[in-house]
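Colleague: Turn this into a structure:
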Amino acid sequence: MKQVTLYTDGACSGNPGAGGWGCVLLYGEHRLELSGGETETTNNRMELMAVIMGLERLKYPCEVAVYSDSAYTVRAFEEGWVYAWERHGWRKADRKAVLNDDLWKRLLNLTRTHRVTFYKVKGHADNELNNRCDALARGAIPKPSTEGDNL
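Modeller: Numbers count the residues shown, from 1 in each chain. Here you go, the predicted model:
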């Protein structure tokens, strides 16, 4: 199995609001940067999208080390929340619906294709690749339309 490193980050201008995601995939000497955005979203959705889009870019099952500053994303796997949500029909312990279940389902499916290990990194610190993902995510946030504005 190929060993891949994936750094991810999401950003939002307002929460909810316009948001962006960014990721950096590393395999040997190869490096691929990806980013995208949505006009109406949340920070947590963008954090999840960064991981999903990075994993979806892989052509074959890989062993992937995912580095994220999102406790929401990392803890869901480290503490087994996502597996409990799935067992309980995408309901939390309080029986309320899990937010972002559409993305959690996609991500959980990808972790069954790839052998994924999640690592929490400190955001906005001295991690060069996390900072690069943050810049990609912020740069992908759609700008408000000025169409129709008069000067």
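Colleague: ranges for the strands of the chain?
Modeller: Using DSSP state E, the strands of the chain run over residues 2-13, 17-27, 30-41, 62-68, 115-120.
Colleague: Output those strands in CSV, with mean neighbour count and mean pLDDT appended to each entry.
Modeller: Quick note: C-beta positions are derived from backbone N, CA and C, even for glycine. What follows is those, written out as CSV (neighbours: other CB atoms under 10 Å; pLDDT from 0 to 100):
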stretch, mean neighbour count, mean pLDDT
strand 2-13, 24, 97
strand 17-27, 23, 98
strand 30-41, 16, 97
strand 62-68, 21, 98
strand 115-120, 15, 98
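Colleague: Which one of those strands lies nearest to residue 138?
Modeller: strand 2-13 (4.9 Å; CB to CB).
Colleague: about what we covered before: out of the strands of the chain, nearest to residue 136?
Modeller: strand 17-27 (2.6 Å).
Colleague: rewinding a little: could you dump the strands of the chain into a markdown table with distance to residue 82 added?
Modeller: Below are the strands of the chain laid out as a markdown table (distance: least, CB to CB, whole Å):
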| stretch | distance to residue 82 |
| --- | --- |
| strand 2-13 | 16 |
| strand 17-27 | 19 |
| strand 30-41 | 20 |
| strand 62-68 | 13 |
| strand 115-120 | 11 |
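Colleague: thinking residue 58 is in contact with residue 51, fair?
Modeller: No - Residue 58 is beyond contact range of residue 51, at 11.7 Å (criterion: CB atoms under 8 Å).
Colleague: So those two - more neighbours on which side?
Modeller: More crowded of residue 58 and residue 51, by other CB atoms under 10 Å: residue 51, with 30 against 17.
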